[in-house]
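Q: show me the folded form of this:
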Amino acid sequence: MDIERAQFAKNPTHGVTGPIMLDYPTPRDEELSKELGDLLVSFNLYESEAESQRRESVLAQLSQICKEWVAQESIAQGMNSDYGSSAKICTFGSYRLGVHGSGADIDTLCLGPRHVGRDMFFSSLKQTLLDHPLVTELQAVPDAYVPVIKMKFDGIQIDLLYAQLQTPMVPDSLDVSAESVLLNADDKTVLSLNGSRVTDMILRLVPDIATFRTALRFIKLWAQRRGIYSNVMGYLGGVAWAIMTARICQLYPNASPSTILHRFFLVYHQWKWPNPVRLNPIAQGSSQGRKVWDPKVYPKDRLHLMPIITPAYPAMNSTYNVSDSTLKIMRQEFERGHTHMANLDRDGKDAFLALLEPARFFSTYKTYMQVRFTGEGEEEHRKWVGWGESRLRVLVLHLEQVPCIDHARPFPKSFTEPDGDARTTVYFVGLGLKKLNLPAHLRAQGQRCADVTPAVLDWASSVLDWKDRTPTMKVNATITKRAKLPQCALEFEPPRPSRKRAAPSSSFSSPRPASSPDPSPSPSPKPSPSPSPSPSSLASPSLPPKGQTRAKGAPRIPPLLHIDRHHLHLHLKRAEPPSVTPLQETVQAGLRVSGHTPFRSIGPRALLNTPPLDSPPQQPRSQPHARPGPPAASKPRPMDPTTSRPATPPQLAEGRDGDPHAVLERLEHRRQRRSEEHRSQAAAARQRQRAAPPAPPVAPQRLSFSPRNSAAERTPCTNVDN
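A: Numbers count the residues shown, from 1 in each chain. Purely as a prediction, here's the structure:
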């Protein structure tokens, strides 16, 4: 830690370890960065000048409303009108970092004095905003982890937080990044201030802000298109992606944006999680005495799978929602990004486009879970969906405990379906199944069953225990096959690129005889979907006999997935084995004659030992005894004049095209002869050792003491019992 602090003190923009490379961009890097900028413009990631001015106007009006509100509350408490300017509006998030796009929301923070509490913020200020003509879709969430008021101000989405500072006034020149603003503040205020303080600290710790912003725009676009941009669902949010990008900028301070992207996937695809990502040393001994992220002190911090630490005091983990499933998905995406960016110099813009290909979530899995939240009225539905969405990551944790589920991947986007007066929002979770090593008595039943009902019921009970829930708020979870997904999900799936097969060249094609069969089978018509089997049909599938396995080379029996939607069971049953060809019957019969199990994996030697079916049973041949005496000296093999190589012995050449049993018999005879020679040599060595005369005994040496070590001069021992 002292080395990190010393390195950070030299140059804060180089982080805690110092840079990896200080090379400046080459002309090719500049060309790739220009192509990257044009690509970002084509995706409409930059807002127009008119929209930028509109955002500034909205922030100015919101600041004026907050100052008037603080003035009214101050006068109501008997204070003078000088407190009218005792409020300040700060921004954070993507707008403060300068990476927001057209239509993005604005994260804002209202700083108020100590005599204006948070209860006034959610009562009087909320009513003031509701009465404003430009404010629509206002939703207050005072019980959230970070209390917030969400609204649309003149068509722009605003998330407004409140921080109650322990000062009598809040001047406009107040520095939020100073540690003094946290003095005597409550926990909700610290959480509200953390966003603005982290954003300002990130901009201070990056070496080149313009390069950082260009790279971060692409990283956020890539994460959104690949379905891994959502802090609520267990992926990474905007702050986490910004910290990861800023760390790469520290390691390569003079690199261009294209080089930063290449190094981003190069570093993080081989990052050893849970090693944390940090931009600066964690402040431990601050005068505030607040809890900071430290796995050595707090055992809960050791459970974090993908820690990305915020640079502002108090240091926190911005990715505590990450689960095993979401971490596995993000590792796969880092690996995929590294594969596409490895040939960036050769592919250029095509590498960026291949990296931004949307994820095919609804064609990746065979089984999905639909979670539907239904509420009466728009306001009630919005509250219910907001609560349910925050609990979906808990559902993923419950599903990970089911034995047959390898991972559960939540889809970050939702789909809303109007149903009369009620409104329903649907979320999807992809289920990656795995094979189970069940006991023999369960395998004999022919099914691999895992019940997800307890996991879903435990999660549903925690959702339904919400204190603000009404009887019309409902939640439903069902399991659906990929072929029966609703139309809204299928429309969201991007179209597959067309693959044109090249026509064969006529100059290289040769006519095929009429008697030879066509190697390419004709396309068979697509079978109609069969109805779901009854539970009774799942108990008696056709399986190989007990103790027998699939033979090597035999076609694999594909598993079929059958789902019982009433009890949320996942049943895995094997299909009927395919018909056995005459050749397979011949091989299996030959194996039975030779004493081998038909479904055992066999090698070429076992196959050579199999006698023909029409031959009588062969008697075991007697093996010749080994020659006594020392081994004969090996003679050089004669050379073949036609091939200039050692000639093949006549006995092997004769058996190569003849009976294979003779070859194996000679090989076995050679092995036994060598074994007998080794045993005879060992016996001769033991005989020589016994015949050798015994070694003369060694006379024992008597110990003598020098005069200074004599018994007279030694100190006698004292008995501790006396």
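
Q: got phi/psi on Phe8?
A: Dihedral pair for Phe8: phi -70, psi -30, per degrees, to the nearest 10.

Q: that one reaches Ala283, doesn't it?
A: No - counting by C-beta atoms under 8 Å, Phe8 stays clear of Ala283, with 11.2 Å between them. No exception for glycine: its C-beta is placed from N, CA and C like everyone else's.

Q: compare the two (neighbour count), which wins?
A: Using other C-beta atoms under 10 Å, the more surrounded residue of Phe8 and Ala283 is Phe8, with 20 against 16.

Q: ok, now how distant is that one from Met244?
A: Remark: distance between Phe8 and Met244 (C-beta to C-beta, to the nearest Å) = 18 Å.

Q: so what's the residue count around Val232?
A: Residues contacting Val232 under the criterion other C-beta under 10 Å number 15.

Q: next up, the contacts around it.
A: Counting by C-beta atoms under 8 Å, 6 or more residues apart in numbering, Val232 touches 321, 389-390, 392-393.

Q: okay, now the unreliable bits of the stretch 1-150 of the chain?
A: 1-2, 81-85 (pLDDT under 70).

Q: 80 instead, please
A: Where the stretch 1-150 of the chain drops to pLDDT under 80, the residues are 1-10, 80-86.

Q: how about the strands in it?
A: 88-92, 106-112, 135-141, 148-153 (DSSP state E, counting those that start in this stretch).

Q: make a markdown table out of these and add distance to Lys467 and mean neighbour count.
A: A markdown table is the format used below for the strands of the stretch 1-150 of the chain (distance: least, C-beta to C-beta, whole Å; neighbours: other C-beta atoms under 10 Å):
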| stretch | distance to Lys467 | mean neighbour count |
| --- | --- | --- |
| strand 88-92 | 30 | 21 |
| strand 106-112 | 26 | 25 |
| strand 135-141 | 13 | 16 |
| strand 148-153 | 18 | 20 |
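
Q: dump the ones you listed into JSON lines; add distance to Gln370 as well.
A: JSON lines is the format used below for the strands of the stretch 1-150 of the chain (distance: least, C-beta to C-beta, whole Å):
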{"stretch": "strand 88-92", "distance to Gln370": "35"}
{"stretch": "strand 106-112", "distance to Gln370": "31"}
{"stretch": "strand 135-141", "distance to Gln370": "25"}
{"stretch": "strand 148-153", "distance to Gln370": "26"}
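
Q: could you identify the longest strand within the protein?
A: The longest strand of the chain (DSSP state E) is strand 422-433.

Q: against Pro693, how distant is Ala683?
A: Distance of Ala683 to Pro693, given as C-beta to C-beta: 20 Å.

Q: these two: which has the busier surroundings?
A: Ala683 (10 against 5).

Q: circling back to that earlier point, Val429: which of the strands of the stretch 1-150 of the chain is closest?
A: Val429 sits nearest to strand 135-141 of all these, at 24.0 Å, using C-beta to C-beta.

Q: for the contacts of Val232, which two are the farthest from each other?
A: Pairwise distances across the contacts of Val232 (C-beta to C-beta) peak at 12.0 Å, for the pair Asn321 and Glu389.

Q: more neighbours, these two?
A: Applying other C-beta under 10 Å to Asn321 and Glu389 shows that Asn321 carries more neighbours, namely 24 against 19.

Q: got phi/psi on the more buried one?
A: Per-residue torsions, Asn321: phi -80, psi -10 (degrees, to the nearest 10).

Q: returning to that earlier point: mind listing what's buried in the longest strand of the chain?
A: Using 16 or more other C-beta atoms under 10 Å as the test for burial, strand 422-433 gives 423-433.
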